[in-house]
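A.B. asks: structural data only, the sequence is not supplied:
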């Protein structure tokens, strides 16, 4: 059975993405920069899971998470399917609370290119950057 995961990519008015610096003892990709999110629990929809994960990891309740990408992936011996959600973050950034990982930050695609990331995540950032450039109105 495939592992099913969700990620939430919050972006601000400057089109910077919120990324997580994973803990050095993380089960997957320790020390890497990645997105917030996690595994879909039995009985959950991807939308339910992205709301739960966002609250658990950031103390944030998404208002209008938009599913913009689905893709299969392989990480080591694990086959999975990923649901990628985005949302404009217009609230006070000080209200966010880092609950997992060793750090976080807001990055542009160029800024993220300097971070230790897996190639699949870089491709997602590139996809989302292009997606946002081609939209006149922000995705809410």
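C.D. replies: Arrived safely. Keep in mind it's a predicted model, so treat the numbers as computed, not measured.
A.B. asks: quick one: residue 80 and residue 72 touch, right?
C.D. replies: Yes. Proximity of residue 80 to residue 72 meets the contact threshold set by C-beta atoms under 8 Å, at 7.0 Å. In short, each C-beta sits where N, CA and C put it, glycine included.
A.B. asks: tell me which of these two has more neighbours.
C.D. replies: Using other C-beta atoms under 10 Å as the criterion, residue 80 and residue 72 rank with residue 80 on top: 15 against 9.
A.B. asks: list the strands paired with the helix or strand hosting that one, with their directions.
C.D. replies: In this assignment (DSSP states H and E), residue 80 forms part of strand 78-88. Looking at strand 78-88 with DSSP bridges, its partner strands are strand 3-11 (parallel), strand 66-75 (antiparallel).
A.B. asks: please state the offset of that strand from the chain centre?
C.D. replies: 7 Å (C-alpha atoms, centre = their mean, to the nearest Å).
A.B. asks: repeat for stretch 69-88
C.D. replies: Mean-position distance between stretch 69-88 and its chain equals 10 Å (C-alpha atoms, centre = their mean).
A.B. asks: which residues touch that stretch?
C.D. replies: With C-beta atoms under 8 Å, 6 or more residues apart in numbering as the contact definition, stretch 69-88 has outside contacts at 2-13, 28-29, 35, 40, 46-47, 49-50, 62-68, 120, 124, 127-128, 131, 138-140.
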